[in-house]
Each structure stands twice: as C-alpha cells, then as structure tokens.
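Chemist: Have a look at this prediction, sequence included:
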Amino acid sequence: MELQETVTVPTFTDLDEDAFLRDIYPQRRPAVLRGMDLGPCLEKWTAEYLTEKGGDKEVKIHVSTVPQMDFLHKNFAYKTLPFKEFVKRASEKTHCDYFLCKDESYYLRSLGEDVRKEPADLSKQFPDLAADFHIPEFFAPDQFFSSVFRISSCGLQLWTHYDVMDNLLAQVTGTKRVVLYSPQDALHLYLSGDKSEVLDIDSPDLTRFPEFVKAKRYECVLEPGDVLFIPALWFHNTLALHFGVGVNVFWRHLPADSYDKKDPYGNKDPVAAARALQALERALHTLDELPADYRDFYGRRMIQRIQKRTCSDSQSTTSTQQDSDRTSPSNHFTKPG
Ligand SMILES: O=C(O)CCC(=O)C(=O)O
C-alpha cells in the first residue's frame, strides 16, 4: 500500500516517573519507554519457566486456524486449557494435541476471577508469577484498574481496537510489532464499535475501505523490556514476531465515576459518551419520520453541528455563542438525556 503516512513511535530511554509525567504523559501520544525496571521477569519468563510456575490453572484462550484474528467475524474459538499446556502450545509451531488444526494459533488475554465482574489482576490470578513483574509506578495506586497477561503464538495478529483507559503495554519475552492510529483518524478506520473493520492493515482492500489511506500509521517494534504507553482512545494492532509474553496495565485517568462500573475489560465507553451515543440513535430514529430528502438535509446539518461543536481540528474552538444559536434552534444535542 502506498500513500499512507507512516511515523515511527519515539523511544525514550531510562525515563523516571517525573520525566514521564512531565514530558510524555501530557502529550497524549504513544511512546516507547526503554530501560525500565520490569523486574526478574525479563530473565525468567521463558516458556519452560512459565509452564513450571504457572501450573494447572485453567485459562480461557482464543484459538484460530489463521494467525490474523478477526473479532468481527469471529474466526476463532474460545477454548479452555490448563495454563501450562496453553504456554506449551503457544510456544510451539506445530502441535501434537490441538483443537482445530496442527498449526493453529493461540492467544491469551487473562481475565479476572469472575470474568463478568472483575478486571484481570496478575497478583490475584498468577501470584507466583506476579512477583517477577514490577509495574511501572506512573500513576497513583487508586487509579490502577487491571494488569493483563498477553501471551501469543508467533505470528498472532490482534485486530485494531481502542480502549478507554490509559495503558502501559510491557513486552517481556519475544518481539512484537505495534501499529497505532490517532483517535482523530477514527473516521478513516471504518469502525464497528471499538474495532476497525480493516483487518489487513498492511494490504487493505481499498475498494472497500478507500478512506483508510488517510489514516496516519504510527509504528514500533517492542523488544523485551520495552514498555509502550498507549493513551486512552488510541487504536492499536499488535503482531507477535515471536512467541510473545507481555503484560499490560490499565489505569483510570478520568474521575472514577466517568467509567462504566460493569466493565471488567476497560473498553466500555465512558458513561457520558455512551449516553451521547444513545441520544444520537434516538435523534436518528426521529429523523426517520421525514422523507428521504429532508433526512439527507437535516442529517448534514447535524453533522455540521457535531463537527463544529466537538472536533478539535474544526473551527469549533473559535465558534461563538452566536454561531451555536444560529445553527441550532434548540440545544438538545448538547445535553444528551
Ligand atoms: O499485546 C497484545 O497482544 C494486545 C495488547 C492490547 O490490546 C492492549 O494492551 O490493550
């Protein structure tokens, strides 16, 4: 694919908490942090060690006949295996024991004890291994949301999606390519909920997804010991270049009550955003009362109003109360119910 602008995510070496909070965090842009103290996991977490220490705990995993996992069309199956058997299979290329085919791919995104209610926490689900991993102290303890094991077969690619919390993705074993897109490119990513419909980001079908070339691609390759800061709402797509073990840590950077309380994954839209989206659905439903040419006209007026009011790269920031009064006879779009 030509034309898509590509940017390398900047790498910062030996940053301490003060430098991160002063120089990186406020930019709200991804950054690779190198040389952090992640603890003994860096030497210890081989497939053999994880197999031995992780034990027989049952884990729910994704298994797929192809390495490119697709959540929208569900080209994978959820299966359960003892942790040590899962690690063995994820670290080998072909399997004697398998579910779907000899060279199937595996992925673990660890879950909480009660998967519907509790976020994943390494210290609860894998206490023996958690002691090996030191979480970078870049946020207050009460902002902590979850720590999630990410273990993948070589070649495993995870679909492009966003999460609603700030995230440090630590690569412990193996290397991983990560491609990111800014939240400001959301309209070029063909979203279905929190996921992009463009599955093959390296060779996209531009007949189906012509706008995708306009999305700026941010890219990095994480080496063992690297930590990628993924600000909330930044889209990311990961590709394991080897058998890979990592941990990611989500933390809340908005006030705690902004988040959906029933969200063990950290990917439900903030409460106010969910309400606004519902209000939009109601507004669209109301437009259905009109003939097509009126729907088209008022739809365009709504788009203009939304752009002016919300997009930081439109003129909205300079729009006056007079503009806003002129474009909207009533203010009901600004106060979703
Ligand atoms: O590293 C991976 O496998 C996926 C990471 C991810 O999606 C995340 O940290 O939110």
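Modeler: Okay, I see it. Numbers count the residues shown, from 1 in each chain.
Chemist: contacts and neighbour counts: CA atoms only from here.
Modeler: Noted.
Chemist: ok, residue 101 to residue 207 distance?
Modeler: 32 Å (CA to CA, to the nearest Å).
Chemist: Give me the more crowded residue out of these two.
Modeler: Under the criterion of other CA atoms under 10 Å, the comparison of residue 101 against residue 207 puts residue 101 first, with 15 against 7.
Chemist: what separates that one from the ligand, distance-wise?
Modeler: Residue 101 sits at a distance of 22 Å from the ligand (criterion: CA to the nearest ligand atom, to the nearest Å).
Chemist: Not counting sequence-adjacent ones, nearest residue to that residue?
Modeler: Nearest non-adjacent residue to residue 101, counting by CA to CA, 6 or more residues apart in numbering: residue 65, 6.4 Å away.
Chemist: What count of nearby residues applies to that neighbour?
Modeler: Neighbour tally, residue 65, other CA under 10 Å: 17.
Chemist: wait, doesn't residue 38 sit right on residue 131?
Modeler: No - between residue 38 and residue 131 no contact is recorded; they are 10.5 Å apart, counting by CA atoms under 8 Å.
Chemist: what about the two, which has more around it?
Modeler: residue 38 (19 against 14).
Chemist: What distance do you get for the more buried one to the ligand?
Modeler: From residue 38 to the ligand the distance is 16 Å (CA to the nearest ligand atom).
Chemist: Could you tell me which residues of the stretch 201-337 of the chain lie near the ligand?
Modeler: By CA under 6 Å from any ligand atom, the residues of the stretch 201-337 of the chain that approach the ligand are 238, 248.
Chemist: residue ranges with poor pLDDT in the stretch 201-337 of the chain?
Modeler: 314-337 (pLDDT under 70).
Chemist: same thing but at 80, please
Modeler: Within the stretch 201-337 of the chain, the ranges that satisfy pLDDT under 80 run 313-337.
Chemist: helix/strand/coil for the closest residue to the ligand within it?
Modeler: Nearest residue of the stretch 201-337 of the chain to the ligand (CA to the nearest ligand atom) works out as residue 248 at 5.1 Å. With DSSP: H, G, I helix; E, B strand; the rest coil as the basis, residue 248 sits in strand.
Chemist: Give me the spatial nearest neighbour of it, chain neighbours excluded.
Modeler: residue 169 (4.2 Å).
Chemist: Could I get the full set of helices for the stretch 201-337 of the chain?
Modeler: 271-287, 292-310, 321-327 (DSSP state H, counting those that start in this stretch).
Chemist: Just put the ones you listed in a markdown table and tack on mean neighbour count.
Modeler: What follows is the helices of the stretch 201-337 of the chain, written out as a markdown table (neighbours: other CA atoms under 10 Å):
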| stretch | mean neighbour count |
| --- | --- |
| helix 271-287 | 14 |
| helix 292-310 | 14 |
| helix 321-327 | 11 |
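Chemist: that older thread, shouldn't the residue nearest to residue 248 be in contact with residue 246?
Modeler: Yes - in this structure, residue 169 is within contact of residue 246 by CA under 8 Å, at 7.2 Å.
Chemist: Figure out the length between the terminal residues of stretch 231-247.
Modeler: 16 Å.
Chemist: In this protein, which residue sits furthest out from the middle?
Modeler: What lies farthest from the middle of the chain is residue 291; by CA atoms, centre = their mean that is 39.7 Å.
Chemist: residue contacts, it?
Modeler: Listed by CA atoms under 8 Å, 6 or more residues apart in numbering, residue 291 has no contact partners.
Chemist: Which phi and psi values does it adopt?
Modeler: phi -70, psi 160 (degrees, to the nearest 10).
Chemist: ok, it to residue 303 distance?
Modeler: 18 Å.
Chemist: which stretches of the stretch 1-150 of the chain aren't confidently modelled?
Modeler: 1-3, 115-116.
Chemist: what's the burial count for residue 146?
Modeler: When neighbours are counted by other CA under 10 Å, residue 146 comes out with 24.
Chemist: what about the strands in the stretch 151-300 of the chain?
Modeler: 157-161, 166-173, 176-181, 191-192, 195-196, 217-222, 227-230, 235-240, 244-251 (DSSP state E, counting those that start in this stretch).
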